[in-house]
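**Student:** Here is a sequence with its predicted model. Questions after.
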Amino acid sequence: MEMRKMYAQTIEQIAKADPNVFVLEADLSNAIATQSLKQTLAHQYINLGIMEANMMGVAAGISVAGGVCFVHTFGQFATRRAFDQIFVSLAYAKQHVVIVGSDAGVSAEHNGGTHMCFEDTGLMRLVPHAHIYDVADEYQLAYLLKKAYKTKGVHYLRIMRKQADVIYTEQDTFENGSKVLRQGTDVTCIANGICLSTLLQVADELTKDNISVEVIDCYRLKPLDTQTIITSAQKTNLVITCENHNVIGGLGSAVAETLSQHCPTKLIRLGVQEQFGQVGKLDYLKQYYHIDTQHIIDTIRQAIQTK
């Protein structure tokens, strides 16, 4: 199932069971597959038009009155355009909201540079007590949406809209902030979102070279599961992060902060390096920004040789 269809299906179930749940859109109902919710949810579904900052204010007002909002727009509009409203009206005011920023990073593809958001995680990490997730597949998305609905505070879920590589099942749970998906001894590789399936392919390929790769899905960037990262780094003494985001402020920064304070370890950060987005297909963009399978393999081989 496409991520957007799982989003629409999950929030519809939650809203039908709880009349205090509202679904807010900023004129992207077709893009995120929520257009049918206008009929099924009636007044619980609100399309506010292309006014993202106002949408965050409306969500704050509904929260003050005892409701919970699922708020969606593209990642760049959800964060950099509406950051002040998130910070003051929602976080500072201690409101409960679930913000979903879609078309994360290179998954924006043909929407191009202005819509290719590489800084949303960095911005949201600056919001005190925010919960931040980068989602890998539809099953993880459904679980985290329900978890965010049940947990007070400001939540930001970073997703792609279309079909993601399936990694998990309906039975998987996501409570601790990370999952070790491959055990390894030579190198720790940490990723999330669309980069996770790439790392799993890398780990399988490098077994042919007798390189043992530990793969960690760090799906929750804040609060970070520091203990899993530290334990793995102490075992391998080499950490590589891979993210569909600027290496400044995102996963690589979060891991670097943790290691420098608790377990100084050699760290290589793969991701967007002081670059803007551009138009292109997903495979081309992953290759251009060096988050593709071959570049990660080459990076690990070189790092192992100089370890």
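**Tutor:** Sure thing, it's come through.
**Student:** Now the phi/psi pair for the residue nearest to the spatial centre of the chain, please.
**Tutor:** Centroid-nearest residue in the chain: residue 134, 1.5 Å away (criterion: C-alpha atoms, centre = their mean). Backbone torsions of residue 134, given as degrees, to the nearest 10, read phi -120, psi 110.
**Student:** Can you check what pLDDT the model gives it?
**Tutor:** Looking at residue 134, its pLDDT reads 98.
**Student:** mind checking how far it is from residue 65?
**Tutor:** 31 Å (C-beta to C-beta, to the nearest Å). (Each C-beta comes from the backbone N, C-alpha and C, glycine too.)
**Student:** Can you show me the strands along the stretch 51-200 of the chain?
**Tutor:** In the stretch 51-200 of the chain, the strands defined using DSSP state E, counting those that start in this stretch lie at 68-74, 97-102, 131-134, 154-158, 179-182, 187-191.
**Student:** Relative to the second one, what are the paired strands and their orientations?
**Tutor:** Each strand paired with strand 97-102, and its direction, by DSSP bridges: strand 68-74 (parallel), strand 154-158 (parallel).
**Student:** what residues does the lengthiest helix in the chain touch?
**Tutor:** In the chain, assigned by DSSP state H, the helix with the most residues is helix 3-17. By C-beta atoms under 8 Å, 6 or more residues apart in numbering, the surrounding residues in contact with helix 3-17 are 1, 21-23, 31-34, 36-37, 40-41, 44-45, 70, 72, 100, 102, 135, 137-139, 141-142, 145-146, 149, 159-164.
**Student:** Would you mark the buried spots in that helix?
**Tutor:** 3, 4, 5, 6, 7, 8, 10, 11, 12, 14, 15 (16 or more other C-beta atoms under 10 Å).
**Student:** Show the average pLDDT along that helix.
**Tutor:** Helix 3-17 carries an average pLDDT of 97.
**Student:** ok, now stretch 243-260?
**Tutor:** 97.
**Student:** Adjust the sequence numbering to begin at 22 for everything that follows.
**Tutor:** Will do, 22 is the new start, and the previous item becomes stretch 264-281.
**Student:** surely residue 269 meets residue 142?
**Tutor:** No - applying C-beta atoms under 8 Å, one finds residue 269 not in contact with residue 142, separated by 10.2 Å.
**Student:** Between the two, which is the more surrounded one?
**Tutor:** residue 142 (31 against 15; other C-beta atoms under 10 Å).
**Student:** ok, now which ones touch that one?
**Tutor:** Counting by C-beta under 8 Å, 6+ apart, residue 142 touches 153, 155, 179, 242, 264, 266, 270, 271, 272.
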